[in-house]
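Student: structure for the following, please:
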Amino acid sequence: MAQLPSLPDHAFDKLDPTPDAQFYDFPRFVTHIDDGAIAAVTSIYRSFVPSGGAILDLMSSWVSHLPDDVTYAEVVGHGMNADELAANARLARWFVQDLNADPALPLSSGTFDAATLCVSVQYLQRPVDVFREVLRVLKPAAPFVVSFSNRCFPTKAVRIWQSLDGPQQQRLVAAYMDAAGFTGIDGYAHTPAGADPLWAVVGHAPQTVEP
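Tutor: Model (predicted):
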C-alpha cells in the first residue's frame, strides 16, 4: 500500500537494503542528540505526556528522555535491540520488532494515554501504516509526540527524508499523521545556533473512536 499518494514507493527506499535486524544487532549505548535537544524533547513530553498514564515509547533504546520527576502508570518500550531496551530503567516491559517488516503492534487497542517516537521516524519505510497502528492503540484524544533532529544513520534513513531539510521533514511527519487519522496536528522547533536542532510534531487521536 502506498504511504502517501503524492509520493512514489521508491521514496521510502534505503541505501542499505539489508534487513534492519542485522544493522541493530549490536547495542549502541549513546545518545543521538546533544543535551540541549534532549532537554527540548523532555520539555515537550512534560507538556503533552500525562503523568500517571500508560505510555508507549516507540523505537526506543536505553534512554527515553521522559521527565525524571514524573511518574507514569506504565511505560512500554519498543525497539530493535534487546540489550538497549533491557538497560532502559523507565520501561516496565518492552518488545523487539522490525516495523519495516511488520508494522502491526502486538498491543491491545485503546490502551495507551500517549505515545512517543524520538529521533527514529526517518527509518520507517511504512510510516503511515505504523502511525495507524499507533492510533489504534491510543485512547481517544491521546497525544502522539514525534521528535527528530538533523542526525541519522544515512544508509538506513529513507530516500525522501534525506532530500528534505528540518522544516520540510516536519511537514512530512505531519502528513504521515494526517494520513493515519490523527487530529489537532501541530509542530514545535528548537533551533539554537551551533547546537543540535530539534523538531517535533504532535498529533492527537480523535475524541471519539470510529465504530
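Student: what residue ranges in this protein score low on pLDDT?
Tutor: Counting by pLDDT under 70, the chain contains low-confidence residues at 1, 26, 28-31, 209-211.
Student: okay, strands next: where are they in the chain?
Tutor: Using DSSP state E, the strands of the chain run over 54-58, 74-79, 93-96, 114-118, 143-148, 183-190, 198-204.
Student: buried residues in the shortest one?
Tutor: Of the residues in strand 93-96, those buried under the neighbour-count criterion (16 or more other C-beta atoms under 10 Å) are Trp94. Yep, even glycine has a C-beta here, placed from its N, CA and C like the rest.
Student: check contacts around the residue nearest to His204 when sequence neighbours are not counted.
Tutor: Spatial nearest neighbour of His204, chain neighbours left out: Gly184 (4.4 Å); criterion: C-beta to C-beta, 6 or more residues apart in numbering. Counting by C-beta atoms under 8 Å, 6 or more residues apart in numbering, Gly184 touches Val202, Gly203, His204.
Student: the first one reaches Pro143, doesn't it?
Tutor: It stands for Val202. Yes: here Val202 reaches Pro143: they are 5.6 Å apart, a contact under C-beta atoms under 8 Å.
Student: who touches both of those two?
Tutor: Common contacts of Val202 and Pro143 (C-beta under 8 Å, 6+ apart): Phe48.
Student: tell me how many other residues crowd the nearest residue to Asp20 once chain neighbours are set aside.
Tutor: Leaving aside its chain neighbours, Asp20 sits nearest to Asp98 (5.2 Å; criterion: C-beta to C-beta, 6+ apart). Using other C-beta atoms under 10 Å, the number of residues around Asp98 comes to 12.
Student: with Val70 instead?
Tutor: 15.
Student: spatially nearest residue to Cys118 (excluding sequence neighbours)?
Tutor: Nearest-residue entry for Cys118: Ser147, 5.1 Å, with adjacent residues in sequence omitted and distances by C-beta to C-beta, 6+ apart.
Student: if we can go back for a sec, deepest of the strands of the chain, which one?
Tutor: strand 114-118 (a mean of 27; mean count of other C-beta atoms under 10 Å).
Student: returning to that earlier point: verify the stated contact: the residue nearest to Asp20 with Thr18.
Tutor: No: contact criterion C-beta under 8 Å: Asp98 and Thr18 do not qualify, at 11.8 Å.
Student: which residues sit in contact with Val119?
Tutor: Counting by C-beta under 8 Å, 6+ apart, Val119 has contacts His32, Ile33, Ser147, Phe148, Ser149, Arg151.
Student: one more time with 7 Å
Tutor: By C-beta atoms under 7 Å, 6 or more residues apart in numbering, Val119 lies in contact with His32, Ile33, Ser147, Phe148, Ser149.
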